[in-house]
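J.: dropping a prediction and its sequence here:
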Amino acid sequence: MMLFGAKVNGELFGENEQLNSLDENGLLTNMKYDYRQIYSTVLQKWLGANDEILEQSNFK
């Protein structure tokens, strides 16, 4: 995931996921970050979404 903007601190977080650790459905079993948490933080802190809107969108 990449974010751009004047307020973004340029830094690399985390490590590459190991794609050889998939479950029977083809999903990663050892994911460290859930994209929904990242999206909800961006929506709330940068775009001003409130908690009620985030709950309605299932980005808890």
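T.: Alright, I've got the coordinates.
J.: mind listing the helices for the protein?
T.: Applying DSSP state H to the chain gives helices spanning 35-41, 51-56.
J.: list the buried residues in the last one.
T.: Along helix 51-56, the positions that meet the burial threshold by neighbour count (16 or more other C-beta atoms under 10 Å) are Leu54. C-beta here means a position set from N, CA and C on the backbone, and glycine is covered the same way.
J.: Gly50: how many residues sit nearby?
T.: Residue 50: Asn, not Gly. As a burial measure, Asn50 scores 9 neighbours (other C-beta atoms under 10 Å).
J.: tell me which residue lies farthest from the centre of the chain.
T.: Glu24 (23.0 Å; C-alpha atoms, centre = their mean).
J.: distance between the ends of stretch 1-13?
T.: The first and final residues of stretch 1-13 sit 10 Å from each other (C-alpha to C-alpha, to the nearest Å).
J.: just to revisit the earlier point, nearest to Asn20, of the helices of the chain?
T.: Comparison of the helices of the chain against Asn20 by C-beta to C-beta identifies helix 35-41 as nearest, at 20.4 Å.
J.: give the buried residues for that closest one.
T.: Within helix 35-41, the residues that qualify as buried by neighbour count (16+ other C-beta under 10 Å) are Ser40.
J.: picking that back up, turn the helices of the chain into JSON lines, columns for distance to Glu11.
T.: Converted to JSON lines, the helices of the chain look like this (distance: least, C-beta to C-beta, whole Å):
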{"stretch": "helix 35-41", "distance to Glu11": "14"}
{"stretch": "helix 51-56", "distance to Glu11": "25"}
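J.: mind putting the ones you listed into a markdown table with distance to Gln18 and mean pLDDT?
T.: Formatted as a markdown table, the helices of the chain follow (distance: least, C-beta to C-beta, whole Å; pLDDT from 0 to 100):
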| stretch | distance to Gln18 | mean pLDDT |
| --- | --- | --- |
| helix 35-41 | 17 | 83 |
| helix 51-56 | 30 | 80 |
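J.: closest one to Asn9 among the ones you listed?
T.: Set against Asn9 and scored by C-beta to C-beta, the helices of the chain come closest in helix 35-41, at 13.6 Å.
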